[in-house]
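# sequence isn't available, so here's the structure alone:
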Ligand code: PMP
């Protein structure tokens, strides 16, 4: 009865885990949920009243598939402000979360015979999205400052490699970021081998330490872009960027976007029309009004401060309470850190113990397309406050010590 397409797509292990973690007695470091206390409720309420009073017919009517012009304009101004990047609103498509961007790009560019290259470990939602279009997903090892370039070039050389999916800032799941040098080199390698770069950046704004770095897509000359070119400008050509309001405002809005060159945009638009006509006009109006009337940077600063405190609390607990044999990343932003248990350990076994003790995380295995990574795990620090982090990490440390002792 079912298509081959759907039969090869794995279930989202995280969505399953989130069900277990819904028990209010469980302290969850599992989901990738932003802190609910930081949702701009009052300000959204103000924006909501305004659009209903002033623009009810437009905001409740069907809209254009490209998305609300004012919102697309705002997105371009944001790229300009953050990176000095010139992006034309004609190259921006509003999507129903950036997750839809992954699906649309897969639909438009990826054939069954094409290989998609992504990071190892990699974002589960992208593994799922691309699995609908190809059975060939290969992963490139992540080092501390981005992908292993020799491995990346080896994979790009294989004739059917088409697309490289990258999360250069505070990657999900590892929390790692690409150095400036790696960004430049990845851009160069994509250009050299004619690979389309799909750059996903839901977490870049959430940097609480260190310097902001430009997108890979800004290293223009590498991509054979036409109307743009040169560092500091969006490359066009073979570079696509994804963005979202999910982590800087609220994920329930389901407002994301794709920035793509003209030729790709034309096809994305067709796929978008076929998928859902357009993203909800109502939430687009709401989001735009909120952004127009408020200082997003001020709000982001608040998020950064909170996440900085929560991340450092989690790191402190790892340093003080956990056995020396484990390794972990110290992220400079985003929402995750990545733990490596000693070789031979199973984070799934640890998960089963942890859930009994009322603490949840995500075992690393589903982030590896080849079923490896059994001794790794992802911890989220955005959704629990410091008190919950201290308590949850104590419980987790206890479980880990028992597990190691009994192994
Ligand atoms: N990309 C990455 C790397 C993510 O972590 C997420 C959210 N978990 C998404 C895309 C999708 O986010 P949204 O659809 O809410 O924009």
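Nice, thanks for sending it over. Predicted model only: the values in this text are computed from it and were never measured.
# now do the phi/psi pair for the closest residue to residue 391 other than its chain neighbours.
Nearest residue to residue 391, sequence neighbours excluded (CB to CB, 6 or more residues apart in numbering): residue 27, at 6.2 Å. Yep, even glycine has a C-beta here, placed from its N, CA and C like the rest. The phi/psi pair for residue 27 (degrees, to the nearest 10) reads phi -90, psi 120.
# separation between residue 27 and residue 303?
In this structure, residue 27 and residue 303 are 21 Å apart, going by CB to CB, to the nearest Å.
# who has more neighbours out of these two?
Using other CB atoms under 10 Å as the criterion, residue 27 and residue 303 rank with residue 27 on top: 25 against 20.
# show me what the more buried one is bridged to.
residue 359 (DSSP bridges).
# so it makes contact with residue 355?
No. Counting by CB atoms under 8 Å, residue 27 sits too far from residue 355 to count as a contact (10.7 Å).
# between these two, what contacts are shared?
When contacts are counted by CB atoms under 8 Å, 6 or more residues apart in numbering, residue 27 and residue 355 have no shared neighbour.
# that's a strand at residue 162, yeah?
Yes. Residue 162 sits within a strand when classified using DSSP: H, G, I helix; E, B strand; the rest coil.
# just for the stretch 101-250 of the chain, where's the confidence low?
220-233 (pLDDT under 70).
# would you mark the buried spots in stretch 243-251?
Using 16 or more other CB atoms under 10 Å as the test for burial, stretch 243-251 gives 243, 244, 245, 246, 247, 248, 249, 250, 251.
# what do you get for stretch 397-407?
397, 399, 400, 403.
# stretch 76-90 too?
Those buried within stretch 76-90 under the rule 16+ other CB under 10 Å are 76, 78, 79, 83, 85, 86, 87, 89.
# same question for that stretch, mean pLDDT?
Per-residue pLDDT values across stretch 76-90 average out to 95.
# now do that stretch: distance from first to last residue.
End-to-end distance for stretch 76-90, by CA to CA, to the nearest Å: 10 Å.
# now residue 64. Nearest residue, chain neighbours left out?
residue 278 (6.3 Å).
# residue 358 and residue 395 touch, don't they?
Yes. If you go by CB under 8 Å, residue 358 and residue 395 touch, sitting 6.2 Å apart.
# which residues do those two both contact?
residue 27.
# residues from this structure in reach of the ligand?
Neighbours of the ligand within the chain, by CB under 6 Å from any ligand atom: 32, 97-99, 123, 125, 167, 172, 200, 202, 244, 246, 251, 256.
# show me where this protein has its strands.
27-28, 92-95, 115-120, 137-143, 146-147, 161-166, 196-200, 239-244, 256-259, 327-328, 336-340, 359-360, 362-363, 376-380 (DSSP state E).
# with distance to residue 349 added, can I get these in CSV?
Listed next are the strands of the chain as CSV, based on distance: least, CB to CB, whole Å:
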stretch, distance to residue 349
strand 27-28, 19
strand 92-95, 38
strand 115-120, 22
strand 137-143, 24
strand 146-147, 30
strand 161-166, 30
strand 196-200, 31
strand 239-244, 34
strand 256-259, 36
strand 327-328, 18
strand 336-340, 14
strand 359-360, 14
strand 362-363, 9
strand 376-380, 11
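# alright, that wraps it up for me.
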